[in-house]
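Student: please find the sequence and the predicted model below.
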Amino acid sequence: MSTTTVQSSAPADRVPTDTTPTGKGRRRGERGLAGSLTSHGILIVASLIALFPIAWLVYLSLGPDKDDYLHPGGILGKMTLDNYSFVLQHTPFFDWLWSTLIVSLGTTVIGVLVAATTGYAVSRMRFPGYKKFMWVLLVTQMFPVAVLMVPMYEILSELQLIDNYLGLILVYCSTAVPYCAWLLKGYFDTIPFEIDEAGRVDGLSPFGTFARLILPLAKPGLAVAAFYSFITAFGEVAFASTFMLSDTKYTFAVGLQSFVSEHDAQRNLMAATAVLVAIPVSAFFYLVQKNLVTGLTAGGTKG
């Protein structure tokens, strides 16, 4: 009797499941055509909304008459650059420019220096009351301009700093420094403390460590603080119109008011001046814009 041996066939190789998305599928987080069109459409509309006031201001500045803003359609047939030539030649525009640059750049340099040293000290040193000190800086931002005007005027008058660039710079620093100190304190917290220790091992003093090691790493945060300080001084009106008495020492924000009187408003000249005023701000923004986003995001991670 023969014995038949039945050999079981080897198990077939398992076919791996293909989880790769097909050509028609989409990866997680990837938008489809409709989503891309919607997002791009929203961005285009938002850009047009942001650019419209600027384009409208430039358009009004080309109208030769002060009442052209009432009939803007008529500007197309009579566009001219006479408003710009009048502002540059027959107004103290360059005096306003000089005064504005002195005050704005002075506020930026002094404000950022004081805010950076303050933020670094609170970030790295644990002296008595350091937390309360930061809260005191925050509380100073609660008071409106109308409340601060009289005491500041008396202080500047006692120091003989009325109608003086330094007096106005110090007033603006009192506004810019508290915010910038909070901002830079949060940014310094993101820099490892080991860098300070390495500087001390190499023989650097605390200020040397701050100046040679920490500040180069904090350029994005410093750029944000500088931009905020510059804008604060550049566009402020109340303090500048109160503490600066000479026409030649007016800043741009105060000089623009000279085109509006009780019975007349030269809006065409005001529009042309406003366009010219935007040039220094745009130039300063271009210089610091590479570091603005990084500084804003990094400065808010700790605190």
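Tutor: Yes, it's here. It should be emphasised that the depicted structure is a prediction, and the values quoted were computed from it without experimental measurement. Residues are numbered from 1 along each chain as shown.
Student: alpha carbons only for contacts and neighbour counts from here, please
Tutor: Will do.
Student: pull the distance from stretch 70-86 to the chain's centre.
Tutor: 32 Å (CA atoms, centre = their mean, to the nearest Å).
Student: again, but for stretch 162-182
Tutor: The answer for stretch 162-182 is 17 Å, by CA atoms, centre = their mean.
Student: buried stuff in it?
Tutor: 162-173, 175-182 (16 or more other CA atoms under 10 Å).
Student: again, but for stretch 189-207
Tutor: Buried residues in stretch 189-207 (16+ other CA under 10 Å): 189, 190, 196, 199, 204.
Student: then stretch 205-225?
Tutor: 209-210, 213-215, 218-225.
Student: that older thread, widest-spaced pair of the buried residues of stretch 189-207?
Tutor: Taking CA to CA, the two most distant members of the buried residues of stretch 189-207 are 190 and 204; they sit 21.0 Å apart.
Student: re the thing from before, between the buried residues of stretch 189-207, which is nearest residue 243?
Tutor: Once CA to CA is applied, the member of these that ends up nearest residue 243 is residue 189, at 37.5 Å.
Student: quick check, the closest one in contact with residue 125.
Tutor: No: with contacts counted by CA atoms under 8 Å, residue 189 stays clear of residue 125, the gap being 11.4 Å.
Student: how close does the nearest residue to residue 233 once chain neighbours are set aside get to residue 211?
Tutor: Residue nearest to residue 233 in three dimensions, not counting chain neighbours: residue 104, with 5.0 Å by CA to CA, 6 or more residues apart in numbering. According to CA to CA, to the nearest Å, residue 104 stands 23 Å off from residue 211.
Student: okay, now the residue lying closest to residue 122 once chain neighbours are set aside: neighbour count?
Tutor: Spatially, and ignoring its direct neighbours in sequence, residue 122 is nearest to residue 130 (6.1 Å; CA to CA, 6+ apart). If you count neighbours by other CA atoms under 10 Å, residue 130 ends up with 14.
Student: correct me if wrong: residue 130 contacts residue 120.
Tutor: No: the pair residue 130 / residue 120 is not scored as a contact, 11.5 Å apart, by CA under 8 Å.
Student: ok so, going back, isn't the residue nearest to residue 233 up against residue 226?
Tutor: No: judged on CA under 8 Å, residue 104 makes no contact with residue 226 at a distance of 9.9 Å.
Student: more neighbours: those two, which one.
Tutor: Neighbours per residue (other CA under 10 Å) separate residue 104 from residue 226, with residue 226 holding more: 26 against 23.
Student: all helices of this structure, in order?
Tutor: 33-61, 82-90, 93-124, 130-139, 145-158, 165-189, 194-201, 206-209, 215-217, 219-235, 238-243, 252-255, 267-298 (DSSP state H).
Student: dump the ones you listed into JSON lines; add mean pLDDT and distance to residue 73 as well.
Tutor: Below are the helices of the chain laid out as JSON lines (pLDDT from 0 to 100; distance: least, CA to CA, whole Å):
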{"stretch": "helix 33-61", "mean pLDDT": "90", "distance to residue 73": "10"}
{"stretch": "helix 82-90", "mean pLDDT": "91", "distance to residue 73": "18"}
{"stretch": "helix 93-124", "mean pLDDT": "92", "distance to residue 73": "29"}
{"stretch": "helix 130-139", "mean pLDDT": "81", "distance to residue 73": "49"}
{"stretch": "helix 145-158", "mean pLDDT": "90", "distance to residue 73": "40"}
{"stretch": "helix 165-189", "mean pLDDT": "91", "distance to residue 73": "41"}
{"stretch": "helix 194-201", "mean pLDDT": "88", "distance to residue 73": "62"}
{"stretch": "helix 206-209", "mean pLDDT": "86", "distance to residue 73": "61"}
{"stretch": "helix 215-217", "mean pLDDT": "88", "distance to residue 73": "52"}
{"stretch": "helix 219-235", "mean pLDDT": "89", "distance to residue 73": "30"}
{"stretch": "helix 238-243", "mean pLDDT": "91", "distance to residue 73": "35"}
{"stretch": "helix 252-255", "mean pLDDT": "87", "distance to residue 73": "28"}
{"stretch": "helix 267-298", "mean pLDDT": "78", "distance to residue 73": "14"}
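Student: could these be laid out in TSV, adding distance to residue 74?
Tutor: What follows is the helices of the chain, written out as TSV (distance: least, CA to CA, whole Å):
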stretch	distance to residue 74
helix 33-61	10
helix 82-90	16
helix 93-124	28
helix 130-139	51
helix 145-158	41
helix 165-189	42
helix 194-201	64
helix 206-209	62
helix 215-217	54
helix 219-235	31
helix 238-243	35
helix 252-255	28
helix 267-298	14
